[in-house]
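1. My questions concern the predicted model and sequence given below.
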Amino acid sequence: MATTPHPRVRFAPSPTGKLHVGGARTAVFNWAFARATGGVFVLRIEDTDPERSTAENEQVILRAMRWLGLDWDEGPEVGGGYGPYRQSERFDRYDELVERLLAEGKAYYCFCTPEQLEADREAARARKDPFQGYQRTCRSIDPAEAKARAEAGEPCVVRLKVPEDRGDVLVHDIIHGDVTFNAAELDDFVIRRTDGSPTYNFCVVADDSAMAITHVIRGDDHLSNTPRQVLVYEALGLEPPLFAHVPMICGPDGKKLSKRHGATSVEEWRDEGYDPEAFVNYLALLGWSLDGETTMVSRATLAKEFSLDRISKNPAVFDTKKLQWLNAEYLKAMGDEEFAREVLEPQLTAAGLAEAGCVDANPAWWSLLAEILKPRTKLAPDVVGLSRFLFGEGVEIDEKARAKALGKEGAAAALEAAEAALLPLERFTGDEIDAALEPLPDELGQSKRVFYQAIRAAETGSLASPPLGASMELLGKGRSLKRLEAALELASA
RNA sequence: GGCCCGUUCGUCUAGCGGUUAGGACAUCGCCCUCUCAAGGCGAAGAUCACCAGUUCGAAUCUGGUACGGGCUACCA
């Protein structure tokens, strides 16, 4: 049982909003498990609630899944042998099963109004009854009579009849072990609403079974609902799958992650400039570990090494700092050319500083830029601010740079000496530039700090920048010299 | 209220009866250095929630307590 030859797992988001990080992590686990075991990853859309489900949200979720690189083998837009993969397209199937349960006496009509139910609940609370669920009022109605009333149009729901003598319901959970619930504490829950639509706890079972799902991997918040689902499996005469309830993700305050903790949908993280692979890596490490030591876990590694027995039981706090560090690690691991094409070109194009195709037009220039920017980039959009000084003839010198660098005594002398030393250079490369400038501070009797900061202010307009030699190489001799001269007017003698 | 789950450095975790309780992020210090980063080295940080018990021996097994979370809907 533990080693099903070809596991089938599913991720079943509800298109009532964007894909959130908790859902994304569940998706990562399902995907990784399927890939690592040679199984099948099914994507199913749980849109039984027509009020809150929209086609737009479904698209947003699919887009987020693709961005994360989590491809599904069966589901919307790819099809498969167990479709349809939208619950809204499976209503006739659910209905058929509900009718069967009704006919077999395993479910029954309930005509209680919401007001009655609320009153019953209140009464149970008042008399301190530990059982505050449905009081099974309509169980005693004669089935034939109930059917007649229902067919006559009287508003009613259908409830599952929890067997009186069912006793303990065991949930076999791969992460938690066997979890025991007492059926007597489960009420006869609704499986079909007044409007005829089926409820979650019923559809999940109908679909997981119909889609031959072998392992249900989902959030811990579903553990308490699982015994209800087990009861549905039993009523239907079906074998339940294996369950794996993964710990929740929470905010720094220990509460379930939500909007007030900041960005919660994966597209917001994408827009902030995170790399999808780094994001998946981080998500995977939230509640799972490869060996306790390794922190860089690529999708390829996940697809090979992921296993359910290394998922922890306790909830995890989402730590943006660590995500950011991981993201920077992925950027640093990129080749210069790759960084130029995948980070620099799109970011600088979006910022209006460069144009599509720029990297192809001058690969060497862009590779050098990539080399000096990579270790300084935490998030992709950082490159815009880091390289802005390279675009345009002159550069705006910020106030701090004026005051602290150009305002220093000897700044003008530094600029003049630099210009004189650079003017004769034939090969205007970082190394040549560095070599030409190197002896100047001593010759001028200046500290390196004063000397170089004056040059830096002149060339980059700021007190902090990438290495000067390479920066000037990227600017080119013409612009570099022109900027030295321009700064001279602002510099103190 | 009832039921269920969880609890190892600030955070993510390793650990599965005998370890100086290991790693990573963050923090701090030193080195490198013309700035900012990156990098290297190092430090600090966990009476393993608490209390009993089992055992020669417990973070690891058992029970209870506390705290946190979840479910208890005609949401999913």
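-> Looks like it arrived, so ask away.
2. quick one: contacts of stretch A:52-60?
-> A:14-19, A:45, A:47, A:76, A:86, A:88, A:267 (C-beta atoms under 8 Å, 6 or more residues apart in numbering). Heads up, the C-betas are built off the backbone N, CA and C, glycines and all.
3. What are the buried residues along stretch A:431-441?
-> Under the neighbour-count criterion of 16 or more other C-beta atoms under 10 Å, stretch A:431-441 has A:432-433, A:436-437, A:440-441 buried.
4. Reformat the residues you listed as CSV; add secondary structure.
-> Below are these laid out as CSV (DSSP: H, G, I helix; E, B strand; the rest coil):
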residue, secondary structure
A:E432, helix
A:I433, helix
A:A436, helix
A:L437, helix
A:L440, helix
A:P441, helix
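5. of those residues, closest to A:V40?
-> Nearest to A:V40 among those is A:I433, at 58.3 Å by C-beta to C-beta.
6. Now do the contacts for that closest one.
-> Taking C-beta under 8 Å, 6+ apart, one finds A:422, A:425, A:468-469, A:472-473 in contact with A:I433.
7. can we see that at 6 Å?
-> A:469, A:472 (C-beta atoms under 6 Å, 6 or more residues apart in numbering).
8. list the buried ones in stretch A:194-211?
-> For stretch A:194-211, by 16+ other C-beta under 10 Å, it's A:197-209, A:211.
9. Other residues contacting that stretch?
-> Stretch A:194-211 is contacted by residues A:42, A:48, A:82, A:87, A:94, A:97, A:155, A:157, A:190-192, A:225, A:228-229, A:232-233, A:238, A:241 when judged by C-beta under 6 Å, 6+ apart.
10. Those in helices, which ones?
-> With helices taken from DSSP state H, the overlap with the contacts of stretch A:194-211 comprises A:94, A:97, A:228-229, A:232-233.
11. From the residues you listed, pick the one nearest RNA strand B.
-> Among these, A:R228 lies closest to RNA strand B (C-beta to the nearest atom of the strand), at 7.8 Å.
12. Please identify which helix or strand holds the closest residue to the closest one other than its chain neighbours.
-> Once flanking residues are discounted, A:R228 sits nearest to A:N201: 5.0 Å by C-beta to C-beta, 6 or more residues apart in numbering. Using DSSP states H and E, A:N201 maps to helix A:200-210.
13. Could you check the angle the next helix or strand after that helix makes with helix A:200-210?
-> Following helix A:200-210 in sequence order, the next helix or strand is strand A:215-219 (DSSP H and E). For strand A:215-219 against helix A:200-210, the angle by axes from the mean of the first three to the mean of the last three C-alpha atoms, to 10 degrees is 150 degrees.
14. Would you mind pulling the contact partners of strand A:215-219?
-> Residues outside strand A:215-219 that contact it (C-beta under 6 Å, 6+ apart): A:7, A:9, A:26, A:29-30, A:241-244, A:248.
15. Now do the closest residue to RNA strand B within the stretch 251-400 of chain A against A:T226, distance only.
-> Residue nearest to RNA strand B within the stretch 251-400 of chain A (C-beta to the nearest atom of the strand): A:G292, separated by 2.6 Å. Distance of A:G292 to A:T226, given as C-beta to C-beta, to the nearest Å: 29 Å.
16. ok, now A:E74?
-> As defined by C-beta to C-beta, A:E74 lies at a distance of 23 Å from A:T226.
17. For these two, indicate the residue with more neighbours.
-> Counted by other C-beta atoms under 10 Å, A:E74 and A:T226 do not tie: A:T226 has more neighbours, with 22 against 19.
18. which stretches of chain A form strands?
-> Here chain A has its strands, by DSSP state E, at A:8-11, A:40-43, A:107-110, A:157-160, A:168-173, A:177-182, A:190-192, A:215-219, A:242-246, A:249-250, A:316-317.
19. Go ahead and name everything in contact with the third one.
-> I take that to be strand A:107-110. Residues contacting strand A:107-110 (C-beta under 6 Å, 6+ apart): A:101, A:138, A:146, A:150, A:156-161.
20. The stretch 201-350 of chain A against RNA strand B: which residues are in contact?
-> A:201, A:220-225, A:247-248, A:250, A:254-256, A:285-287, A:289, A:291-293, A:295, A:309-310, A:312-317, A:319, A:321-322, A:325, A:328-329, A:332 (C-beta under 7 Å from any atom of the strand).
21. Looking at the residue nearest to A:E459 when sequence neighbours are not counted now. What's its pLDDT?
-> Leaving aside its chain neighbours, A:E459 sits nearest to A:R483 (5.3 Å; criterion: C-beta to C-beta, 6+ apart). A:R483 carries a pLDDT value of 97.
22. Distance of A:R483 relative to A:S462?
-> According to C-beta to C-beta, A:R483 and A:S462 sit 12 Å apart.
23. ok, these two, which is more surrounded?
-> A:R483 (25 against 18).
24. quick revisit: could the buried residues of stretch A:194-211 go into TSV alongside pLDDT?
-> Below are the buried residues of stretch A:194-211 laid out as TSV (pLDDT from 0 to 100):
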residue	pLDDT
A:S197	92
A:P198	94
A:T199	94
A:Y200	95
A:N201	96
A:F202	97
A:C203	96
A:V204	97
A:V205	97
A:A206	97
A:D207	97
A:D208	97
A:S209	97
A:M211	97
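25. okay but A:T429 is in contact with A:M472, surely?
-> No: using C-beta atoms under 6 Å, A:T429 makes no contact with A:M472, being 9.3 Å away.
26. Between those two, point out the one with more neighbours.
-> When neighbours are counted by other C-beta under 10 Å, A:M472 comes out ahead of the other of A:T429 and A:M472, with 27 against 15.
27. List the residues that contact the more buried one.
-> By C-beta under 6 Å, 6+ apart, the neighbours of A:M472 are A:433, A:459, A:480.
28. what pLDDT does it get?
-> Per-residue confidence (pLDDT) for A:M472: 98.
29. Spatially, which residue comes closest to it, not counting chain neighbours?
-> Per C-beta to C-beta, 6+ apart, closest to A:M472 is A:S480, 4.5 Å.
30. just the angle between the longest helix belonging to chain A and strand A:215-219, please?
-> Identified as the longest helix of chain A according to DSSP H is helix A:21-37. On the basis of the same axes, to 10 degrees, helix A:21-37 is oriented at 150 degrees to strand A:215-219.
31. next one: helix A:21-37 to chain centre, how far?
-> Using C-alpha atoms, centre = their mean, to the nearest Å, the distance from the centre of helix A:21-37 to the centre of the chain it belongs to is 11 Å.
32. Would you mind naming what in the stretch 351-493 of chain A lies close to RNA strand B?
-> Going by C-beta under 7 Å from any atom of the strand, the residues of the stretch 351-493 of chain A near RNA strand B are A:375-376, A:434, A:448-449, A:452-453, A:456, A:463-469.
33. Give me the below-cutoff pLDDT ranges for chain A.
-> A:1-4, A:263, A:493 (pLDDT under 70).
34. For A:F181, which residues are in contact?
-> Shown in contact with A:F181 (C-beta under 6 Å, 6+ apart): A:169, A:227.
35. Which parts of chain A belong to which domain?
-> What the record gives for chain A is the domain set A:1-75+A:247-333, A:90-246, A:335-387, A:392-493, from automatic domain parsing.
36. Do a quick rundown of the helices in the stretch 201-350 of chain A.
-> Remark: helices assigned in the stretch 201-350 of chain A by DSSP state H, counting those that start in this stretch are A:226-236, A:266-271, A:276-285, A:299-305, A:320-333, A:336-339, A:345-350.
37. Including distance to A:W67, could these go into JSON lines?
-> Converted to JSON lines, those look like this (distance: least, C-beta to C-beta, whole Å):
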{"stretch": "helix A:226-236", "distance to A:W67": "31"}
{"stretch": "helix A:266-271", "distance to A:W67": "6"}
{"stretch": "helix A:276-285", "distance to A:W67": "5"}
{"stretch": "helix A:299-305", "distance to A:W67": "12"}
{"stretch": "helix A:320-333", "distance to A:W67": "14"}
{"stretch": "helix A:336-339", "distance to A:W67": "18"}
{"stretch": "helix A:345-350", "distance to A:W67": "14"}
